[in-house]
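> Dropping the sequence and predicted coords here.
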Amino acid sequence: MIFKAIQFVAEAHSDQYRKGTYIPYIYHLMNVMKTLIDLGCDEEVVTAGILHDVVEDTPVTIEEIELLFGKHVASIVNGASEPDHLKKQEDKVTSWKERKQHTIDFILKDATNEQLLVICADKLDNVNAIRDDWNSTGDKIWERFNAPKEDQAWNYLLISKALEERAKEFGRPLSDLSKRLSSTAEFLK
């Protein structure tokens with residue numbers, strides 16, 4: 001299933017790069033996969049980690065994910081995706097901040113442990129990439145994003161806090177991963 005997912009995203013995300021770079025997008029997905037494998041997550045969680053952005057960033061639908069990878073993987077991917085993207089709306093109904101607040105609320109109230117692991121691995125890789133690019137390019141990095149540094153900081157710091165809160169319920173490995181995210185996100189303060 002993991003290799004099938006890698007092949008699937010390699011095709012679906014072909015010609016896509018990390019924001020403002022020439023790094024193929026699949027690099028991010030492989031980092032998320034590695035994090036989840038290193039935590040000892042099962043095949044379905046790792047597969048969902050590989051697929052977590054395919055519904056948001058490509059024409060692929062959640063129904064296709066369910067058909068190809070099963071209901072459980074699709075439910076994890078569903079939890080890691082913003083609602084506007086799941087509906088494949090051309091015009092976003094909600095603002096950037098509302099979409100991010102939805103993710104924070106979902107983390108705090110409804111997300112399963114498996115969804116939280118994928119969300120946390122995704123955010124950890126994003127924050128690592130932002131920090132590394134910021135270290136080499138400085139504040140110019142913020143020009144890449146749809147929201148300014150202050151809003152990015154608000155988003156990642158609240159997500160970190162929400163994940164640490166839920167980790168109290170689920171324990172390890174989420175607690176270890178959420179602490180890594182919080183520590184990494186400190187540079188945004």
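That came through fine. Numbers count the residues shown, from 1 in each chain.
> Poorly predicted segments of this protein, please.
For the chain, applying pLDDT under 70 flags the ranges 84-93.
> quick check: longest helix of the protein.
Longest helix in the chain by number of residues (criterion: DSSP state H): helix 113-137.
> Pick out the residue nearest the middle of the protein.
Asp122 (3.3 Å; CA atoms, centre = their mean).
> elements contacting the longest helix of the chain?
helix 26-38, helix 43-51, helix 71-79, helix 96-109, helix 149-170, helix 174-185 (3 or more CB pairs under 8 Å, 6 or more residues apart in numbering; DSSP states H and E). In short, each C-beta sits where N, CA and C put it, glycine included.
> Switch the ones you listed over to JSON lines; also include distance to Asp139 and mean neighbour count.
Shown next, in JSON lines, are the helices and strands packed on helix 113-137 (distance: least, CB to CB, whole Å; neighbours: other CB atoms under 10 Å):
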{"stretch": "helix 26-38", "distance to Asp139": "22", "mean neighbour count": "20"}
{"stretch": "helix 43-51", "distance to Asp139": "31", "mean neighbour count": "25"}
{"stretch": "helix 71-79", "distance to Asp139": "33", "mean neighbour count": "20"}
{"stretch": "helix 96-109", "distance to Asp139": "19", "mean neighbour count": "16"}
{"stretch": "helix 149-170", "distance to Asp139": "7", "mean neighbour count": "18"}
{"stretch": "helix 174-185", "distance to Asp139": "17", "mean neighbour count": "20"}
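> Output the ones you listed in TSV, with distance to Glu143 appended to each entry.
Below are these laid out as TSV (distance: least, CB to CB, whole Å):
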stretch	distance to Glu143
helix 26-38	20
helix 43-51	29
helix 71-79	30
helix 96-109	15
helix 149-170	10
helix 174-185	20
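> Looking at those helices, which is nearest to Val118?
Smallest distance to Val118 across the helices and strands packed on helix 113-137 (CB to CB): 4.9 Å, for helix 43-51.
> And the contacts of that closest one?
Contacts with helix 43-51, where a contact means CB atoms under 8 Å, 6 or more residues apart in numbering, come from 1-2, 4-6, 8-9, 29-30, 32-33, 35-37, 41, 65, 69-70, 72-73, 76-77, 80, 114, 117-118, 121-122.
> thinking again about what came up before, spit out the contact partners of the residue nearest to the centre of the chain.
Residues near Asp122 by CB under 8 Å, 6+ apart: Val32, Gly49, His52, Asp53, Ala80.
> if I pick the third one, what's in contact with it?
With CB under 8 Å, 6+ apart as the criterion, the residues that contact His52 are Leu29, Val32, Ile76, Val77, Ala80, Ser81, Val118, Asp122.
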